[in-house]
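*Asks:* One predicted model, sequence on top.
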Amino acid sequence: MPERAPDHNIEAKVAPKQRADSEQETREIIDALTALDGNPEALSARLDEAIQTANEGAYGEAVSLITYGGNHLSQMLEQSGMDPAQCEAIRGQYNALVNPEQFEGELALANTLQQERILGMLKTDAHGQVDHRFGEYNSILDERIQLYEADIDASKANKEILEGELNDAQDGLNGAMEAFDKDLNYGLTAEKALTAGDQELFAIIYGAEFADKPEPTTEAERDVQRKMIRTRRDWLKEKIAPLKQAEAQVHEIQEKITRENTNIEANKQWIAQTKEERREFKDKHEEKKKAIEDGTYIADGKTEPLFAAARRLAMGGDGTFGGHGREEFSVIQTYATLAGDTSQTLLQNAAGRKLDRIERQLVARVDRMDQALREFGNEDPQMADSYRSEQNRLRGMLYKINPAKHTPPDLPMA
Amino acid sequence: MNAKHAIQIYKNHIATLNELVEGVKEEVDHFFKNALKWTEATQHEDENNQLSTLEDQLKNL
């Protein structure tokens, strides 16, 4: 009687140690990436390296599992007492369903999806950065305009007060002028009285001894006359002083009003200038947004093509966006053929499970390409054609996997 | 790109890789479960054959 087959639980034997190593490594890489914050180039390079290492690790783990499983299967079959041809057939099924090439295909697909996701993240990141800068600068400009407007309001309020003061000062000046006129008339009347030879009045004012001598002849008389002139000058100065003061006050207030007007005009000009600056900045912002939509990555003050950034940041792979995954589809086709051609339950079940997973991946990929076409289709016709062609091919796969669920692909152009 | 983005990209990628490796494990494991049933079925078949042969032999005695 054949011995019982070996334990089939592969995961329990292989996974734990590698998973623990992987967690430690992940922590170290996260620390390394954190330390490189603020240095985008070094960060990208480190991320590329980490993803590449992770890919290699995952590939190694998969190969190890597949090899271990293959050896385990051989051992089990040898001990099963089954017919050698039957054993060989089962080994063949195992090799067809579980093999490193197939895993490599899945890995390539994952990398492609990663690139597309990074592309989306880059766009979001770039939009976020330019929007943030736009918002920040716009609020500075808004604040500046508000300050100018507040200054205009303050000047207008000052003007209102000054205009009130000017009215008062003007009234004061008018009063002073009126008073001066009166004084002047009085003075002129006095002078007229003198020149008319009102000796009596002259004598009353200047003394009886000068009553007969209006023209000074002696030094004493000239001295009296100088005194008279000084007296007249002092009198005029005294009478004109309030007038000059009132005029100066009016003039001072008028100057203040002029300064406020100048300030209002200057603020108005600054507001216009700032609004113009804001318009120009908005235009530039819209240009940047369009550039991002057109496939330019603008972030951290640097500009580069979005696809180049995605390739650089994703895998540093084969340099062709969407170039991965060809092998994957040939593997899918193989499974689809196997599922359709073989009647063996084991293979059908395994292929069925695999196909379910692949079907989901293909549907997601077609959807993602739809999204990419919506986003970039108009901007990059060459890429759009390549995406549409790829989508058609994928739809062919889906139709082959499940004709009842999926529509057939378009016929190829003649 | 900042560190936060890079870490998110890395974590997502690792999650994808884990999923892929889990897929392989699942595949291998499932294969074994089925193959085991096959070998057990073969064993039962052998035993049944042996029993039939034994019964035939007994009948012919």
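*Replies:* Alright, I've got the coordinates. All of these numbers come straight from a predicted model, not from anything done at the bench.

*Asks:* Spatially nearest residue to residue A:392 (excluding sequence neighbours)?
*Replies:* Using C-beta to C-beta, 6 or more residues apart in numbering or on different chains and skipping residues adjacent in sequence, the residue nearest residue A:392 is residue A:409, 4.7 Å away. Every residue, glycine included, has its C-beta placed from N, CA and C.

*Asks:* does that neighbour sit in a helix, a strand or a coil?
*Replies:* Assigned by DSSP: H, G, I helix; E, B strand; the rest coil, the conformation of residue A:409 is coil.

*Asks:* tell me the contacts of it?
*Replies:* By C-beta atoms under 8 Å, 6 or more residues apart in numbering or on different chains, residue A:409 lies in contact with A:392-393, A:395-396, A:399.

*Asks:* Now the nearest residue to residue B:17 once chain neighbours are set aside: which helix or strand?
*Replies:* Among residues not flanking residue B:17 along the chain, residue A:58 sits closest, at 3.9 Å (C-beta to C-beta, 6+ apart). Using DSSP states H and E, residue A:58 sits in helix A:40-80.

*Asks:* again with residue B:33
*Replies:* helix B:3-60.

*Asks:* from memory the residue nearest to residue B:17 sits against residue B:21, does it?
*Replies:* Yes - between residue A:58 and residue B:21 there is a contact at 5.4 Å, judged by C-beta atoms under 8 Å.

*Asks:* and the gap between the residue nearest to residue A:392 and chain B?
*Replies:* According to C-beta to the nearest C-beta, to the nearest Å, residue A:409 and chain B sit 26 Å apart.

*Asks:* Do you know the pLDDT at that residue?
*Replies:* We have a pLDDT of 77 for residue A:409.

*Asks:* likewise residue A:173?
*Replies:* 91.

*Asks:* Just give the number of residues close to residue A:25.
*Replies:* 15 (other C-beta atoms under 10 Å in any protein chain shown).

*Asks:* State the distance from it to chain B.
*Replies:* 9 Å.

*Asks:* Where does the prediction get shaky in the stretch 101-250 of chain A?
*Replies:* A:113-119, A:121-122, A:190-216, A:221 (pLDDT under 70).

*Asks:* can you give me the helices in it?
*Replies:* Assigned by DSSP state H, counting those that start in this stretch, the helices in the stretch 101-250 of chain A fall at A:199-206, A:219-293.

*Asks:* Quick check: which of the ones you listed is nearest to chain B?
*Replies:* Among the helices of the stretch 101-250 of chain A, helix A:219-293 comes nearest to chain B, with 14.1 Å by C-beta to the nearest C-beta.

*Asks:* before we move on, the earlier item: for the residue nearest to residue B:17, grab the count of nearby residues.
*Replies:* 25.

*Asks:* Quick check on residue A:295: phi, psi?
*Replies:* When quoted as degrees, to the nearest 10, the phi and psi of residue A:295 stand at phi 110, psi 30.
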